[in-house]
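J.: coordinates only, sequence not included:
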């Protein structure tokens with residue numbers, strides 16, 4: 001499994017965490033131990049979840065009475081896992097907020 005070095009997402013590469021410190025102070029970043037970098041796995045493709053049979057999509061709908069599109073309702077659509085891996089997504093309906 002190949003790894004790469006990336007900028008620490010906690011301290012943004014400084015090695016110092018400023019979140020809980022008074023102004024002008026910082027603490028050693030616990031995530032990277034002050035190095036400013038962490039390692040992550042190189043993405044080599046989606047991993048097959050052999051125990052899954054279905055993938056559930058929760059699709060929110062628009063409220064037709066409100067112009068801001070406030071959430072009113074949702075629908076759930078289950079797709080066989082094999083179809084999901086093949087790229088199949090729920091068929092969109094007119095009032096869906098999400099369009100897969």
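T.: That came through fine. Note that the coordinates shown come from a computational prediction; the quantities given were computed from them, not determined experimentally.
J.: residues contacting residue 31?
T.: 8-11, 17, 38 (C-beta atoms under 8 Å, 6 or more residues apart in numbering). To be clear about C-beta, it is placed using only N, CA and C from the backbone, and glycine gets the same treatment.
J.: Could you report the separation of the most far-flung residue of the chain relative to its centre from residue 47?
T.: What lies farthest from the middle of the chain is residue 24; by C-alpha atoms, centre = their mean that is 32.7 Å. According to C-beta to C-beta, to the nearest Å, residue 24 stands 45 Å off from residue 47.
J.: that older thread, now do the phi/psi pair for the residue farthest from the centre of the chain.
T.: phi 90, psi 0 (degrees, to the nearest 10).
J.: Domain map for the chain?
T.: In terms of domains, the chain is parsed into 3-41, 52-100 (source: automatic domain parsing).
J.: Where among those is average confidence lowest?
T.: When the domains of the chain are compared on average pLDDT, domain 52-100 comes out lowest at a mean of 80.
J.: can you give me how far it is from the chain middle?
T.: The chain centre lies 17 Å from the centre of domain 52-100; the measure is C-alpha atoms, centre = their mean, to the nearest Å.
J.: all strands for this protein, in order.
T.: Remark: strands assigned in the chain by DSSP state E are 3-7, 16-17, 27-28, 37-41, 54-62, 71-80.
J.: what's the most buried one of those strands?
T.: Across those, averaging neighbours per residue (mean count of other C-beta atoms under 10 Å) puts strand 16-17 on top, at a mean of 18.
J.: and that strand, what other elements does it pack with?
T.: strand 27-28 (3 or more C-beta pairs under 8 Å, 6 or more residues apart in numbering; DSSP states H and E).
J.: can you list the strands of the chain in CSV and add distance to residue 89?
T.: Formatted as CSV, those follow (distance: least, C-beta to C-beta, whole Å):
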stretch, distance to residue 89
strand 3-7, 30
strand 16-17, 40
strand 27-28, 44
strand 37-41, 26
strand 54-62, 7
strand 71-80, 7
